[in-house]
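1. Structure for this input, please:
(one chain, ligands or ions: 2)
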Amino acid sequence: MKRALITGITGQDGSYLAEFLLGKGYRVYGLRRRTSTPNYTNIEHILDKIEVIDGDLSDLSSVIRALQMADPDEVYNLGAQSYVETSWLQPLLTSELTAVGVTNMLEAVRLIKPSARFYQASSSEMFGKVLETPQKETTPFYPRSPYGVAKVYGHWMTVNYRESFNLFACSGILFNHESPRRGFEFVTRKVTNAVARIKLGMQSELRMGNLDARRDWGFAGDYVQAMWLMLQQEKANDYVIATGETHSVRELLEVAFSYVGLDYRDYVVNDEKFHRPAEVDLLLGNPEKAVKQLGWERKVGFMQLIQMMVDSDIRLNQAITVSDPKQQGYDFHNPLVAASWSE
Ligand code: NDP
Ligand code: GDR
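-> Residues are numbered from 1 along each chain as shown. Ligands and ions are numbered 1, 2, ... in the order given. This is a model prediction of the structure:
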């Protein structure tokens, strides 16, 4: 039985990857940081099948302990401060977790289990300013946020440990991928949750930032398979994972609102608060190398993805009983949590 250690197991990708590896017969260990209220929403349904290890990416000793306990064949480093906007508000924390956290993981692997295969969750945010489209493995990086800068550091440390210590270390340069488990502040989930709440009469407007930004959006369930495929190859390498399609935030709004028979222009309000100090205008990835070398393919298209998320958010919001159905929650935080607080 193969053994895998996943950091970030409570997040969107960690939960899909854990399910995927369990399906392949792996013994799955997940690193989770201690919180006063446990955050198991995404992994509640598999908690009895996985081993949860307490630890924090910023604490090398805890990461070493996790490596010792899990004794993994494969390590997937998905943990990070992953929200771009927060990276301007907390740039040092972002550097500590999203950048230096990678070195902690690499050091732990090097010291405790150098034969383990290592996956680093790199990001299309590393491309940042548009220098070339579609973006591929050889496109130069020009990050536009502290998050993007931190990911570039993590990416190059992964490459460096591969070249310096002969670790089997891969960096997956993944473009945006979404799902019903996406955090509520990311734009797709913010929109699909708002569409559900507006349709159900629980919210009356949606405050948004830059509608012209374009992203290459795929389904998280498809993308975790690519992570695994990278670690099954003969040689470690870096791969872009993307759909090869790009859509604007405005198109996202059109698709999500029209799916429930509404016109987004009746509800969306421009709010400076959601505009970024520096924007990534256009992301469009070329996944050719992954398709050819890994045999990877995405199954879920853009429309299907957004409709899946709207359907899921309608079900979720219907299940919530709030004393005041008109209360809107917060723009920035999880409105469902805000709703339950008000009960
Ligand atoms: P999430 O934000 O959903 O998950 C992040 C995970 O990291 C959570 O489990 C979180 O735990 C954990 N984490 C945060 N800080 C620490 C810490 N100090 N110690 C241990 N764990 C910590 O992100 P996604 O699942 O969407 O993304 C997974 C990875 O892939 C991230 O590294 C992200 O930057 C990267 N990525 C994501 C893309 C996407 O479109 N989703 C695209 C490209 C890269 P907690 O639940 O306690 O907050
Ligand atoms: P991103 O995702 O920054 O690409 O990072 P996000 O969904 O936050 O933003 C996408 C684009 O939408 C624009 N936008 C808004 N975004 C948010 N969150 N809220 C708004 O109201 C809003 N209005 C417009 C943004 O300006 C941006 O252009 C995600 C994260 O998962 C990273 O961890 C990951 O590395 C990258 O994707 C690839």
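
2. how far away is the closest residue to residue 97 other than its chain neighbours from residue 128?
-> Taking Cβ to Cβ, 6 or more residues apart in numbering as the measure, residue 97 lies nearest to residue 81, with 4.7 Å between them; neighbours along the chain are not counted. Every residue, glycine included, has its C-beta placed from N, CA and C. Applying Cβ to Cβ, to the nearest Å, one obtains 17 Å for the distance of residue 81 from residue 128.

3. where does the stretch 1-150 of the chain come near ligand 2, residue by residue?
-> Where proximity means Cβ under 6 Å from any ligand atom, the interface of the stretch 1-150 of the chain facing ligand 2 comprises 82, 84, 123, 124, 125.

4. that older thread, just the pLDDT at the residue nearest to residue 97, thanks.
-> On pLDDT, residue 81 comes in at 98.

5. Next, count neighbours for it.
-> Residues contacting residue 81 under the criterion other Cβ atoms under 10 Å number 21.

6. And residue 109, by the same measure?
-> Tallying neighbours of residue 109 according to other Cβ under 10 Å, which is how burial is gauged here, yields 26.

7. tell me the SS of it?
-> At residue 109, secondary structure determined by DSSP: H, G, I helix; E, B strand; the rest coil is helix.

8. Pretty sure residue 196 sits in a strand.
-> No: the assignment for residue 196 (three-state DSSP) gives helix, which keeps it out of a strand.

9. For it, give its distance to residue 237.
-> From residue 196 across to residue 237, the span is 40 Å (Cβ to Cβ).

10. Those two - which one has more neighbours?
-> In terms of neighbours (other Cβ under 10 Å), residue 196 is the more surrounded of residue 196 and residue 237; the figures are 23 against 17.

11. who are the neighbours in contact with the more buried one?
-> 260, 310, 313, 314, 316, 317 (Cβ atoms under 8 Å, 6 or more residues apart in numbering).

12. from those, which two are the most distant?
-> With distance counted by Cβ to Cβ, no two of those lie farther apart than 260 and 316, which are 14.4 Å apart.

13. Do you know the pLDDT at residue 335?
-> At residue 335, the model reports a pLDDT of 45.

14. before we move on, back to that, can you tell me which of the contacts of residue 196 are buried?
-> When burial is judged by neighbour count using 16 or more other Cβ atoms under 10 Å, the buried members of those are 310, 313, 314, 317.

15. what's the closest of these to residue 20?
-> For the buried ones among the contacts of residue 196, the closest approach to residue 20 (Cβ to Cβ) belongs to residue 313, at 23.3 Å.

16. where in the stretch 201-343 of the chain is pLDDT low?
-> Low-confidence segments of the stretch 201-343 of the chain, defined by pLDDT under 70: 321-343.

17. Quick check: chain neighbours aside, which residue is closest to whichever residue of it sits closest to ligand 1?
-> Scanning the stretch 201-343 of the chain for proximity to ligand 1 using Cβ to the nearest ligand atom identifies residue 220 as nearest, at 6.4 Å. Spatial nearest neighbour of residue 220, chain neighbours left out: residue 179 (4.1 Å); criterion: Cβ to Cβ, 6+ apart.

18. Distance of the one you found relative to residue 306?
-> The separation that residue 179 has from residue 306, given Cβ to Cβ, amounts to 11 Å.

19. what's the answer for residue 135, then?
-> As for residue 135, its distance to residue 306 is 22 Å (criterion: Cβ to Cβ).

20. Thanks again, I'm all set now.
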